[in-house]
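S.K.: One predicted model, sequence on top.
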Amino acid sequence: MHCFRHEEEKIMKKAVAILLAGMMVFGLAGCGSKTSEGAGSEAVSAPESSVAAESAVTESTADTQEAESTAAADTGEGRQFVVGFDAEFPPYGYKDGSGEYVGFDLDLAAEVCKRQGWELVKQPIDWDSKDMELDSGAIDCIWNGFTMNGREDQYTWSVPYVDNSQVFVVADDSGISVKADLAGKAVGVQKDSSALAALEGDEKELADTFGALNQYADYNTAFMDLEAGAIDALAIDIGVANYQISSREGGYVILEGTDHAEYLSTEQYGIGFKKGNEELKDIVEATLLEMVDDGSFMTIAEKYADYGLLDSICLGK
């Protein structure tokens with residue numbers, strides 16, 4: 001009996017010990033869980049906050065560096081300067097016999113790039129897509145006998161550098177000598193050109209007398225139609241008209257009359273930048289004026305003297 005009671009006491013003590021041990025483990029586990037959770041929360045939270053802060057600083061620094069890099073690329077040495085131009089608009093921009101893009105405006109742009117340490121990219125464009133090209137950033141400017149008049153608020157403009165006129169060209173044996181003779185005739189014009197704007201605007205009354213007003217993608221094609229007799233007259237920039245007539249060694253004349261009374265309209269050329277791009281415009285314009293002052297502007301213009309360009313220059317006079 002004593003032995004049995006002794007064994008029973010031993011069993012009870014073991015049970016109590018196990019129970020107490022379990023309670024201790026549970027308590028420790030509970031505290032450990034809280035401590036672990038709290039410590040874990042702090043351990044995760046602090047690094048996450050630190051990483052987020054570091055990430056924000058890194059991103060901010062990267063953004064700043066990217067912005068500075070972009071700003072430097074806009075005007076800094078080594079940048080590409082992409083000039084949009086109509087490749088069939090001589091003498092301002094066109095392809096010569098060797099397949100090279102040349103012209104007065106492209107020569108001016110090349111000299112600006114040389115002085116700024118830029119790389120000139122000559123980008124031929126469809127003239128009626130010029131706004132899309134400029135707005136998308138595909139080109140930096142439109143520099144190609146680009147008329148300012150009527151577009152003053154659509155672009156950021158350089159100072160004007162050429163006084164231009166829109167004229168009518170006819171075959172010298174056409175019997176057409178004044179604008180009134182164009183009544184009932186087929187007249188050609190380039191799409192989205194200043195000549196078309198004049199015929200649809202201030203000179204619409206004149207245009208309404210035409211037998212037809214045919215629009216062309218470029219003046220080379222239009223002049224071929226004039227040669228073929230498909231049209232009777234061509235409304236065109238005077239500089240391009242002089243080039244086309246000179247390259248054909250005559251056979252065509254500009255309707256002029258007394259004091260240019262038969263001209264369609266008069267206008268000025270400037271370099272057109274995307275609206276608001278004052279910084280790039282200012283650099284190009286300042287360089288252009290520097291070229292005027294040192295005589296290189298007129299030296300370039302003299303290369304195109306045979307096309308009547310010198311008479312049209314207005315910058316520096």
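M.R.: Here it is on my side, so go on. Owing to the predicted nature of the structure, the values given are computational and were not obtained by experimental measurement.

S.K.: Residue 202: neighbour count?
M.R.: 12 (other CB atoms under 10 Å). The C-beta positions use only the backbone N, C-alpha and C, and glycine is treated the same way.

S.K.: Let me see the confidence value for the nearest residue to it once chain neighbours are set aside.
M.R.: Leaving aside its chain neighbours, residue 202 sits nearest to residue 265 (6.9 Å; criterion: CB to CB, 6 or more residues apart in numbering). pLDDT for residue 265: 92.

S.K.: Quickly note the distance from residue 265 to residue 206.
M.R.: Residue 265 sits 11 Å away from residue 206, going by CB to CB, to the nearest Å.

S.K.: and what of residue 292?
M.R.: On the measure of CB to CB, residue 292 and residue 206 end up 37 Å apart.

S.K.: ok, now residue 144?
M.R.: Distance of residue 144 to residue 206, given as CB to CB: 27 Å.

S.K.: More neighbours: these two, which one.
M.R.: Higher neighbour count among residue 144 and residue 206: residue 144, with 26 against 18, using other CB under 10 Å.

S.K.: hmm, who's touching stretch 302-317?
M.R.: Stretch 302-317 is contacted by residues 90-91, 104, 107, 159-164, 238-239, 242-243, 246, 268, 288-289, 292-293, 297-298, 301 when judged by CB atoms under 8 Å, 6 or more residues apart in numbering.

S.K.: All the strands of the stretch 51-200 of the chain, residue numbers only.
M.R.: 80-85, 88-89, 93-95, 101-102, 119-124, 141-147, 156-157, 162-171, 186-190 (DSSP state E, counting those that start in this stretch).

S.K.: From the chain's centroid, how far away is the first one?
M.R.: Meaning strand 80-85. Between the mean C-alpha location of strand 80-85 and the chain-wide mean there is a distance of 8 Å, by CA atoms, centre = their mean, to the nearest Å.

S.K.: do the same with the third one
M.R.: The chain centroid and the centroid of strand 93-95 are separated by 19 Å, computed with CA atoms, centre = their mean.

S.K.: What is the end-to-end distance of stretch 178-185?
M.R.: Taking CA to CA, to the nearest Å, stretch 178-185 runs 12 Å from one end to the other.

S.K.: What's the mean pLDDT across that stretch?
M.R.: Taken as a whole, stretch 178-185 has an average pLDDT of 97.

S.K.: buried stuff in that stretch?
M.R.: Buried residues in stretch 178-185, counted by 16 or more other CB atoms under 10 Å: 179, 181-182, 185.

S.K.: swap in stretch 100-115?
M.R.: Per 16+ other CB under 10 Å, stretch 100-115 contains these buried residues: 102-113.

S.K.: can you tell me which of the residues you listed lies nearest to residue 197?
M.R.: residue 105 (19.9 Å; CB to CB).

S.K.: List the contacts of residue 242.
M.R.: For residue 242, the contacting residues are 254, 307-309, by CB under 8 Å, 6+ apart.

S.K.: How about whatever helix or strand it lives in, which residues are buried there?
M.R.: Using DSSP states H and E, the element containing residue 242 is helix 238-247. Residues 238-245 are the ones in helix 238-247 that count as buried (16+ other CB under 10 Å).

S.K.: Excluding chain neighbours, what is closest to residue 110?
M.R.: Nearest non-adjacent residue to residue 110 (CB to CB, 6+ apart): residue 120, at 5.3 Å.

S.K.: isn't the one you found right up against residue 111?
M.R.: No. Using CB atoms under 8 Å as the test, residue 120 is too far from residue 111 to be in contact (9.4 Å).

S.K.: all helices for this protein, in order.
M.R.: With helices called from DSSP state H, the chain shows them at 2-75, 104-116, 130-135, 194-200, 204-207, 219-228, 238-247, 278-293, 296-302.

S.K.: Distance from the third one to the middle of the chain?
M.R.: On the basis of CA atoms, centre = their mean, helix 130-135 is displaced by 6 Å from the centre of the chain it belongs to.

S.K.: Likewise for the shortest one?
M.R.: Taking the mean of its C-alpha atoms, helix 204-207 sits 33 Å from the chain's own mean (CA atoms, centre = their mean).

S.K.: Which strands or helices does that helix pack on?
M.R.: Secondary-structure packing of helix 204-207 (3 or more CB pairs under 8 Å, 6 or more residues apart in numbering; DSSP states H and E): helix 194-200.

S.K.: ok, residues contacting the helix it packs on?
M.R.: Applying CB under 8 Å, 6+ apart, the contact partners of helix 194-200 are 147, 149-150, 164, 166, 187, 189-190, 206-207, 213, 215, 235-237, 264-265, 267.
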